[in-house]
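Participant: build me a model from this:
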Amino acid sequence: MKILVAVKRVIDYNVKVRVKADQSDVDLSNVKMALNPFCEIAVEEAVRLKEQGTAEEVVVVSIGPKSCQEQIRTALALGADRGIHVETDEMPDSLAVAKILNKLVAEEAPQLVILGKQSIDSDNNQTGQMLAALSDMPQGTFASEVKVDGDKVEVTREVDGGLQTLALSLPAIVTTDLRLNTPRYASLPNIMKAKRKPLDVKTPADLGVETGSKISVLKVESPAERSAGIKVADVAELVEKLKNEAKVL
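Facilitator: Residues are numbered from 1 along each chain as shown. Reported below is the predicted structural model:
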C-alpha cells in the first residue's frame, strides 16, 4: 500500500501572530514557521501504518514557495519515504490545492490519502472534502481512529451523539482530528537521513492546474483585547455583580 500525505507550512502555533499595519494580511517577517499540527498527525498515522506492515511507502506533498521544503524534510525525518514539492509563490485556495492533489493522486495512485482536517491559519476545513469529490473517492473526516483491514479502512469519528465508525473501500481519503495520535519527535539521525531522501519538485503548470485564488482578503484584524478581571471580597458581592452588572442571573 502507498499512502499520500498532504502537509502545509504555517506559522508555529506557539508564536503570537501579528497583523500588518495596513491590515492586508498577517505579518510573516521573522516569524517561526512549522508543520501544521493536523498535518503532523496525518504524517504520524501514515508512518505508524508503515511500521505495522500495512503500508510500504509514505509520500509527502506540500504546495507553496521553496521554503515549504523545510516542512517536507521535517515529515521525511518523522518517517516518510519521499517528498513532492509543488512550487508556487501564489497562495492557492482550498479548491486549487484539491485540484493539484487530485492530479498527484492520479499520478501516484495511492491506496490511502491522509490530510489534516484543517490548517491552523485559514481554518477552512475544505480541502479533504473537495479532493474526495474531485477524485470520486470515499472519505472519512475528523478521524480519531484508523484501522486498515484488507481492501477496507475503518474510520472512527467523534459526533454529537458519541462515536461513529465508517467502513470505506480503498482507495479512500481520511482527514485527521487531534485525538488520532500524538506525533513523535524527529531524532537527530533521522533528521540527517531526511536530507538524503528524494524530493521531487513540480509546478502547478506541470500538472495543468491554475492556482489563482477566487477568494480575496478584504481586511485582517487582531482579536479584541480582553478587559482585566476583578476580585470580589465575598460571595454576596459576586452574586450582586453577576445580577446587576453582568446581568446573567
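Participant: all strands of the protein, in order?
Facilitator: With strands called from DSSP state E, the chain shows them at 2-7, 9-11, 33-35, 57-64, 82-87, 112-116, 139-149, 152-159, 162-169, 172-176, 199-202.
Participant: kindly reformat those as CSV containing mean pLDDT.
Facilitator: Formatted as CSV, those follow (pLDDT from 0 to 100):
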stretch, mean pLDDT
strand 2-7, 97
strand 9-11, 93
strand 33-35, 93
strand 57-64, 96
strand 82-87, 96
strand 112-116, 96
strand 139-149, 95
strand 152-159, 94
strand 162-169, 94
strand 172-176, 97
strand 199-202, 96
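Participant: any chance of a markdown table for those, columns distance to residue 244 and mean neighbour count?
Facilitator: Quick note: C-beta positions are derived from backbone N, CA and C, even for glycine. Output for the strands of the chain, formatted as a markdown table (distance: least, CB to CB, whole Å; neighbours: other CB atoms under 10 Å):
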| stretch | distance to residue 244 | mean neighbour count |
| --- | --- | --- |
| strand 2-7 | 52 | 26 |
| strand 9-11 | 42 | 20 |
| strand 33-35 | 47 | 19 |
| strand 57-64 | 53 | 24 |
| strand 82-87 | 59 | 20 |
| strand 112-116 | 46 | 28 |
| strand 139-149 | 43 | 18 |
| strand 152-159 | 40 | 17 |
| strand 162-169 | 41 | 13 |
| strand 172-176 | 47 | 28 |
| strand 199-202 | 64 | 14 |
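Participant: possible to save those as JSON lines with distance to residue 125?
Facilitator: Shown next, in JSON lines, are the strands of the chain (distance: least, CB to CB, whole Å):
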{"stretch": "strand 2-7", "distance to residue 125": "14"}
{"stretch": "strand 9-11", "distance to residue 125": "14"}
{"stretch": "strand 33-35", "distance to residue 125": "18"}
{"stretch": "strand 57-64", "distance to residue 125": "17"}
{"stretch": "strand 82-87", "distance to residue 125": "21"}
{"stretch": "strand 112-116", "distance to residue 125": "9"}
{"stretch": "strand 139-149", "distance to residue 125": "8"}
{"stretch": "strand 152-159", "distance to residue 125": "13"}
{"stretch": "strand 162-169", "distance to residue 125": "17"}
{"stretch": "strand 172-176", "distance to residue 125": "8"}
{"stretch": "strand 199-202", "distance to residue 125": "26"}
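Participant: nearest to residue 215, of these?
Facilitator: Taking CB to CB, strand 57-64 is the member of the strands of the chain nearest to residue 215, at 15.8 Å.
Participant: so what does the closest one touch, helix or strand wise?
Facilitator: Here strand 57-64 touches strand 2-7, helix 37-51, helix 69-77, strand 82-87, helix 94-108, going by 3 or more CB pairs under 8 Å, 6 or more residues apart in numbering; DSSP states H and E.
Participant: many thanks, we can stop here.
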